[in-house]
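Asker: Curious how this folds, go ahead:
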Amino acid sequence: MSKKLLDHITNPTDLRKLDVAQLPQLAKELRDFIIDIVSVKEGHLGASLGVVELTIALHYVFDTPNDLLVWDVGHQAYGHKILTDRRKKFASNRQLGGISGFPRRSESVYDTFGVGHSSTSISAALGMAIASHLKGDNKYHIAVIGDASIASGMAFEGLNHAGVTDANLLVILNDNAIGIDPSVGALKNYLTAVKEGKNPKQNNMIKSLNFDYSGPIDGHDLPTLIKELERLKKVKGPKFLHIITTKGKGLQQAEDDQVKYHAPGKFDASTGEILKKSEENLPPKFQDVFGLTLVELARNNSKIIGITPAMPSGSSMKFMMDTFPERAFDVGIAEQHAVTLSAGMATQGMVVFCNIYSTFLQRAYDQVIHDVALQNLPVIFCLDRAGLVGEDGATHHGVFDLAYLRCIPNMIIYAPKDELDLQNILYTASLGLKHPSVIRYPRGRGKNTEWKFPTDFQKIEIGKALKLKKGKKVAILSTGTIANNVTAALAEIEDDGHFAHYHFGFVKPLDDKKLHKICNKFSTIITVEDGVTTGGFGSAVLEFAAKNDYVNEIFLCGVPDYFIEHGTIDELQQFCNIDVDGLRLLFTGLLEEEEEED
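Answerer: This is a model prediction of the structure:
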């Protein structure tokens, strides 16, 4: 019989059979289990380590899944997954065909709401609470939100509404002063003052929103946590529990370097040391090309501004924040504010680079249309993590941007094919454009091991496509870095000059002149993109052909019309048939068909 408590816990029913005195041992075992798996399989580490005691206490006190628990963002929910029927599957976390790295309703009855983007938990849990009241159900509803996430406008919208209801809602603030990067803003300063006892209780802003506020309490003290949760079960109406935790708790390195250990990659489970990968002779990360180029451009142009919503490290805006702190801003998890702040600065003649992950710009769509494009303000949106991003899965893939931005008037959209192309379009945008622009580039590294910085910048002609390879019968049109897959696939085919290859960096405006030539010369056209084919670059080419009465046979290659799950980028490109082998097979098949017809 195993002496480990965790080995005998499949779900919270088993957990509730333990004595409170046994729970600290369980917490240690749960931490060790997470560390052991993540050290090998990779994933989010620090956030889940920080809420181990809270996770145990919530499932111990509340009758989950009957009582409804919502984890904000979701990268803090590994312990929750392990305690809710998924311990034996946890090694498949974020792997192709395995469990998701985030809570999702289709995976478990304990995952009450699908998450991945921040600040949604209060609204979702409040909606559940109101519905339960209307149905006459006697349930508890708990939202666990971090201090960085509660600063988002949506979280305040939820608090504002909840405060005028009698909903059986408990909001738990997991206060650790850090999201991915350290939390910022006046609210962070307020919470710090509360923790340090420097803010009088009568000034409590949460109480002023009509919540029953309690705390701050130690989020790693299980007996105190359980006692307070039991007390709050008896309190009616909206409640707010403020707990203090340490991100990365239980692994010294993760506590000491909370940014690096948010998602550290592979590391030694016994020592905590990250297993270093040699970066010698590796091409640069696209985010670093952006960040270093922005600094160089800013040296020569005092009007250049950098803005990011809570992603200074991930986007490499940190370079500019360190070099020009008065001209670079981390505005917290507030994409809507980031966009309209950029618009305000642009009205005053500033050259604003607003860097947002592609998937997160979706949260500010109205601001892009209403505050930027409608007023034709030349904000430069730099969309990091465009295309398939890998193991974070459906909530994080940046595959919709071409489709949702292409339909907006006044917009210029460019997808560079490599690192040098990215530098040059950043330079071109910095010279001053008459319209808002979007520059999209992928997660990870480029291909050019000879890339050096700084370099001589070249201005790119707006709306011009480039011929990369001459050909006689079939034209392949690609946009962005997926061009490298096309080039590699063509290199493996003996086509006798059959295929031509064009790089359409500009998805808007399209190079109509070049498209007319292509449609007149080639009967077959293939478009390749790392975004959705519904409404994306390929759709733009189809629209052009239809508008101009061309009858070419046009094949669209890209992300199909459903949500793509998690896996490595290579695996997901293979699934979408836009990897090198998939494209090679498509090109070879067309070549064979042409030869048969001849």
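Asker: going forward, measure contacts and count neighbours with C-alpha atoms only.
Answerer: Fine.
Asker: Let me see the contact set for the residue nearest to the spatial centre of the chain.
Answerer: For the chain, the residue sitting closest to the mean C-alpha position, by C-alpha atoms, centre = their mean, is residue 396 at 4.1 Å. Contact criterion C-alpha atoms under 8 Å, 6 or more residues apart in numbering gives 116, 359, 389 as the residues in contact with residue 396.
Asker: If we use 6 Å, what do you get?
Answerer: Residues near residue 396 by C-alpha atoms under 6 Å, 6 or more residues apart in numbering: residue 359.
Asker: Can you name the helix or strand that residue 127 falls in?
Answerer: Element membership for residue 127 (DSSP states H and E) is helix 121-135.
Asker: Which secondary structure elements does that helix sit against?
Answerer: Counting by 3 or more C-alpha pairs under 6 Å, 6 or more residues apart in numbering; DSSP states H and E, the packing neighbours recorded for helix 121-135 are strand 141-146.
Asker: Helix 121-135 and the strand it packs on, what's the angle between them?
Answerer: Between the direction of strand 141-146 and that of helix 121-135, the angle (axes from the mean of the first three to the mean of the last three C-alpha atoms, to 10 degrees) works out to 180 degrees.
Asker: re the thing from before, could you list the buried residues of the helix holding residue 127?
Answerer: For helix 121-135, the neighbour count (16 or more other C-alpha atoms under 10 Å) marks 121-130, 132 as buried.
Asker: ok, these vs residue 355, which is closest?
Answerer: Within these, the smallest distance to residue 355 is 25.0 Å, found for residue 121 (C-alpha to C-alpha).
Asker: got the contact list for that closest one?
Answerer: By C-alpha under 6 Å, 6+ apart, the contact set of residue 121 is 70, 72, 143.
Asker: swap the cut-off to 10 Å and go again
Answerer: By C-alpha atoms under 10 Å, 6 or more residues apart in numbering, the contact set of residue 121 is 69-74, 113-115, 127, 142-145, 149-150, 154-155, 158, 171.
Asker: And residue 252, by the same measure?
Answerer: Going by C-alpha under 10 Å, 6+ apart, residue 252 touches 258, 271-273.
Asker: Which SSE is immediately downstream of the lowest-mean-pLDDT helix or strand in the chain?
Answerer: For the chain, using mean pLDDT, DSSP states H and E, the weakest element among its helices and strands is helix 186-195, scoring a mean of 79. Stepping forward along the backbone from helix 186-195, the first helix or strand reached (DSSP H and E) is helix 205-208.
Asker: For that following helix, could you pull out the residues that count as buried?
Answerer: Counting neighbours by 16+ other C-alpha under 10 Å, one finds that the buried residues in helix 205-208 are 206-207.
Asker: and if you look at stretch 266-273?
Answerer: Of the residues in stretch 266-273, those scored as buried under the neighbour-count criterion (16+ other C-alpha under 10 Å) are 266-267, 269, 272.
Asker: Now the residues you listed in a markdown table, please, with extra columns for distance to residue 89.
Answerer: Below are these laid out as a markdown table (distance: C-alpha to C-alpha, whole Å):
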| residue | distance to residue 89 |
| --- | --- |
| 266 | 19 |
| 267 | 21 |
| 269 | 19 |
| 272 | 23 |
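Asker: for those residues, which one is nearest residue 416?
Answerer: Comparing the buried residues of stretch 266-273 against residue 416 with C-alpha to C-alpha picks out residue 266 as the nearest, at 30.5 Å.
Asker: show me what contacts that closest one?
Answerer: Residue 266 neighbours (C-alpha under 10 Å, 6+ apart): 37-43, 272-277.
Asker: So what's the model's average confidence on whichever strand or helix holds residue 476?
Answerer: When secondary structure is defined using DSSP H and E, the element that contains residue 476 is strand 474-478. Strand 474-478 shows a mean pLDDT of 97.
Asker: Which strands and helices lie in contact with it?
Answerer: When contacts are defined as 3 or more C-alpha pairs under 10 Å, 6 or more residues apart in numbering; DSSP states H and E, strand 474-478 packs onto strand 466-469, helix 483-491, strand 499-503, helix 512-521, strand 524-532, helix 537-547, strand 553-559, helix 580-597.
Asker: Need the winner for burial among the ones you listed.
Answerer: Mean neighbour counts were compared across these using mean count of other C-alpha atoms under 10 Å; the top stretch is strand 524-532, at a mean of 24.
Asker: what's the angle from it to helix 580-597?
Answerer: Counting by the same axes, to 10 degrees, strand 524-532 lies at 160 degrees to helix 580-597.
Asker: Can you list the strands that strand 524-532 pairs with?
Answerer: Taking DSSP bridges as the criterion, strand 524-532 sits next to strand 474-478 (parallel), strand 553-559 (parallel) in its sheet.
Asker: Fine by me, we can end here.
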